[in-house]
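*Asks:* My questions are about this predicted structure, shown below with the sequence.
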Amino acid sequence: MTFLKAFMRRVQRLFRGGPAMLTCQEQVDLLADYLDGTLHPETARALEQHLEGCPECLNFVTTYKATNAWVREITYEEMPEELQTRLANFLKAKIREENRGGSHP
C-alpha cells in the first residue's frame, strides 16, 4: 500500500471517529504543504491534532518555521571572482582524482 493510501485511510478513520493519529514520519512528509497553506483542510486538522500530542514534532515544526524565516532573510551576495576560480579548480581536481580512483578518507 502506498504512503498516500495508508495516510488517507488514517485521515478517514480520524474523521469518522476511529483511532487515527498521524505518525511522526507522516507529519514530516506533510510539513511543507502545511506551512504553505496548501494542505487539504482535513489533513491539516489531523496534522494539528498530532502536533498537540507530540512535543517532539511540535519542537521540530517550530525549528522548521524559524529556519525558513531565517533563510528568507539571507541576502544574496556575489562570490568574488578569485574565489569562484579557486573553487572551480578545486572541484575539477577532486573530480579528476575520483575518476582515477583516488584515495578516499
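*Replies:* Structure received.
*Asks:* where's V28, which helix or strand?
*Replies:* helix 24-36 (DSSP states H and E).
*Asks:* mind listing what's buried in that helix?
*Replies:* Using 16 or more other C-beta atoms under 10 Å as the test for burial, helix 24-36 gives 26-27, 30-31, 34. For glycine as for every other residue, the C-beta is placed from the backbone atoms N, C-alpha and C.
*Asks:* Can you tell me which of those comes closest to L51?
*Replies:* Of all the buried residues of helix 24-36, Q27 has the smallest distance to L51: 7.2 Å, by C-beta to C-beta.
*Asks:* confidence score at the closest one?
*Replies:* Reported pLDDT at Q27 in the predicted model: 72.
*Asks:* Output the below-cut-off pLDDT ranges for this structure.
*Replies:* For the chain, the stretches flagged by pLDDT under 70 are 1-22, 102-105.
*Asks:* where do the helices sit along it?
*Replies:* Applying DSSP state H to the chain gives helices spanning 3-15, 24-36, 41-53, 55-73, 81-99.
*Asks:* tell me which residues of the third one are tucked away?
*Replies:* Buried residues in helix 41-53, counting neighbours by 16+ other C-beta under 10 Å, are found at 43, 46-47, 50-51.
*Asks:* Next: the fourth one.
*Replies:* By 16+ other C-beta under 10 Å, the buried positions in helix 55-73 come out as 57, 60-61.
*Asks:* Tell me what angle that helix forms with helix 24-36.
*Replies:* Interaxial angle, helix 55-73 versus helix 24-36 (axes from the mean of the first three to the mean of the last three C-alpha atoms, to 10 degrees): 40 degrees.
*Asks:* Offset the numbering so it begins at 9, please.
*Replies:* Taking 9 as the first residue, the last one we looked at is helix 63-81.
*Asks:* other SSEs contacting helix 63-81?
*Replies:* Packing partners of helix 63-81 (3 or more C-beta pairs under 8 Å, 6 or more residues apart in numbering; DSSP states H and E): helix 32-44, helix 49-61.
*Asks:* possible to save the ones you listed as TSV with distance to A101?
*Replies:* Converted to TSV, the helices and strands packed on helix 63-81 look like this (distance: least, C-beta to C-beta, whole Å):
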stretch	distance to A101
helix 32-44	37
helix 49-61	47
